[in-house]
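K.L.:
just coords:
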């Protein structure tokens with residue numbers, strides 16, 4: 001082997017090691033729960049000792065990508081189930097199709113579910129025939145459906161990403177909202193302003209919403225209110241604080257008497273959380289729950305299963321495309337002071 005060949009051999013070896021090191025850095029800590037369809041935005045629940053996951057069903061619809069998320073053009077929901085974390089995951093087929101929602105136009109986005117008195121409730125955002133998002137509800141006697149949608153959206157609902165939380169006193173609350181394509185910026189004091197610009201630097205960050213649900217779980221029992229997310233000094237975030245401020249993907253869970261409000265920061269790709277003493281807030285920002293994953297969006301849920309806590313989330317491991325995502329799960333850990341240990345999705 002001559003000198004040039006030696007140099008070439010060293011160069012190839014160095015390049016191989018470089019690629020190998022990068023590959024090792026990007027090894028995911030969790031694998032997709034299903035691979036035969038694309039899934040995202042997982043809302044996980046334990047009903048009757050079994051785990052049910054209510055995700056978005058991503059498809060390649062051919063819609064051109066835009067800043068409003070038009071290419072996220074989902075048509076139906078598939079509910080996943082498993083007996084235990086790490087166990088076999090079952091796709092229970094189509095639970096609700098957009099064509100069976102009387103008021104729906106397009107884009108069946110991230111859902112959530114709840115159970116009360118023998119009935120399962122599926123909550124979902126979809127644009128109406130005027131291309132404005134509202135939140136609907138559908139019911140079933142089975143956690144996997146099929147679900148029958150109500151003829152109209154929930155009165156007073158708007159925007160996206162419903163999360164339904166059952167408090168220890170039996171009350172149910174819905175959290176919702178998402179800026180940019182989620183249209184939250186179009187509302188002021190629950191009044192629709194029409195198409196408006198996305199928030200700008202220097203402006204107050206848009207706040208998520210909460211409303212108590214009625215006894216029949218199909219309406220709001222009171223006024224929709226803003227949820228205050230505060231920094232450590234008690235101040236609201238500005239749009240400039242886009243590594244901490246709310247963008248979309250509300251989730252609420254309770255741990256040792258405290259309410260944990262977690263959410264996505266959107267364009268900075270963090271999952272963050274804040275803690276409060278009331279289901280309606282205010283909540284004080286505590287930190288990052290999950291560092292950015294591969295893909296543009298992230299959307300999650302947190303659920304306790306047999307004494308352990310788990311984070312359900314998504315990335316784009318299967319497709320490499322931002323609108324074709326896959327649902328994952330990993331264990332979540334608390335520190336003694338109640339803060340949550342930040343998770344990085346890749347080794």
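P.N.:
Sure thing, it's come through. Computed from a predicted structure; not experimentally measured. Numbers count the residues shown, from 1 in each chain.
K.L.:
any idea how far the most centrally placed residue in the chain lies from residue 290?
P.N.:
With distances taken as C-alpha atoms, centre = their mean, the residue of the chain nearest its centroid is residue 299 (2.7 Å). Residue 299 sits 11 Å away from residue 290, taking C-beta to C-beta, to the nearest Å as the criterion. Using the backbone N, CA and C atoms, a C-beta is placed for each residue, glycine as well.
K.L.:
do residue 124 as well
P.N.:
Plainly put, residue 124 is 24 Å away from residue 290 if you go by C-beta to C-beta.
K.L.:
these two - which one has more neighbours?
P.N.:
Set residue 124 next to residue 290 and count neighbours by other C-beta atoms under 10 Å: residue 124 wins out with 28 against 23.
K.L.:
quickly list what the more buried one is bridged to.
P.N.:
Applying DSSP bridges to residue 124 gives these bridge partners: residue 136.
K.L.:
tell me the contacts of residue 89?
P.N.:
Contact partners of residue 89, counting by C-beta atoms under 8 Å, 6 or more residues apart in numbering, are 33-34, 80-82.
K.L.:
and the gap between the residue nearest to the centre of the chain and residue 133?
P.N.:
For residue 299, the distance to residue 133 under the criterion C-beta to C-beta works out to 15 Å.
K.L.:
and residue 91, by the same measure?
P.N.:
Plainly put, residue 91 is 26 Å away from residue 133 if you go by C-beta to C-beta.
K.L.:
got it, and residue 300?
P.N.:
For residue 300, the distance to residue 133 - C-beta to C-beta - is 20 Å.
K.L.:
isn't residue 210 right next to residue 280, touching?
P.N.:
Yes. The pair residue 210 and residue 280 qualifies as a contact (C-beta atoms under 8 Å) at a distance of 5.5 Å.
K.L.:
shared neighbours of these two, anything?
P.N.:
173, 225, 227.
K.L.:
what about the closest residue to residue 76 other than its chain neighbours, how many residues nearby?
P.N.:
Once its chain neighbours are removed from consideration, residue 76 has its nearest residue in residue 97; the separation is 4.5 Å (C-beta to C-beta, 6 or more residues apart in numbering). Here the number of neighbours of residue 97 (other C-beta under 10 Å) works out to 15.
K.L.:
now the phi/psi pair for residue 97, please.
P.N.:
Here is the backbone geometry of residue 97 (degrees, to the nearest 10): phi -110, psi 140.
K.L.:
what does the one 3 residues further on give?
P.N.:
Recorded main-chain torsions at residue 100 are phi -100, psi 10, according to degrees, to the nearest 10.
K.L.:
what sits against it?
P.N.:
Contacts for residue 100 (C-beta under 8 Å, 6+ apart) come out as 148-149.
K.L.:
tell me if I'm right that residue 255 and residue 334 touch.
P.N.:
Yes. Taking contact to mean C-beta under 8 Å, the distance of 6.7 Å between residue 255 and residue 334 places them in contact.
K.L.:
contacts only, for residue 123.
P.N.:
If you count contacts by C-beta under 8 Å, 6+ apart, residue 123 has them with 111-114, 135-137, 162, 164, 174.
K.L.:
just among the residues you listed, which is most surrounded?
P.N.:
These, ranked by neighbours (other C-beta under 10 Å): first place residue 111, 30 neighbours.
K.L.:
doesn't residue 126 make contact with that one?
P.N.:
No. Checked against C-beta under 8 Å, the pair residue 111 and residue 126 is beyond contact range at 9.6 Å.
K.L.:
identify the contacts common to residue 299 and residue 290.
P.N.:
Joint contacts of residue 299 and residue 290 (C-beta under 8 Å, 6+ apart) are residue 313.
K.L.:
does residue 41 touch residue 249 like I think?
P.N.:
Yes. Counting by C-beta under 8 Å, residue 41 does reach residue 249; the two are 7.3 Å apart.
K.L.:
with neighbour numbers in mind, choose between residue 91 and residue 133.
P.N.:
Neighbours around residue 91 and residue 133, counted as other C-beta under 10 Å, are more numerous at residue 133. The numbers are 24 against 16.
K.L.:
which SS class is residue 99?
P.N.:
Three-state call for residue 99 (DSSP: H, G, I helix; E, B strand; the rest coil): helix.
K.L.:
OK, contacts around it?
P.N.:
Listed by C-beta under 8 Å, 6+ apart, the contact set of residue 99 reads residue 75.
K.L.:
repeat that for 10 Å
P.N.:
75-76 (C-beta atoms under 10 Å, 6 or more residues apart in numbering).
K.L.:
so which of residue 210 and residue 280 has more stuff around it?
P.N.:
In terms of neighbours (other C-beta under 10 Å), residue 210 is the more surrounded of residue 210 and residue 280; the figures are 25 against 16.
K.L.:
the helix or strand the more buried one falls within pairs with which strands, and in what direction?
P.N.:
Secondary structure here is read from DSSP states H and E; on that basis residue 210 sits in strand 209-212. Within its sheet, and counting by DSSP bridges, strand 209-212 is paired with strand 172-176 (antiparallel), strand 225-226 (antiparallel).
K.L.:
pick the most buried one from those.
P.N.:
The highest average neighbour count among these, using mean count of other C-beta atoms under 10 Å, belongs to strand 172-176 at a mean of 23.
K.L.:
please state the offset of that one from the chain centre?
P.N.:
With C-alpha atoms, centre = their mean, to the nearest Å as the basis, strand 172-176 stands 14 Å off its chain's centre.
K.L.:
pLDDT below threshold where in the protein?
P.N.:
By pLDDT under 70, the low-scoring segments of the chain are 1-25.
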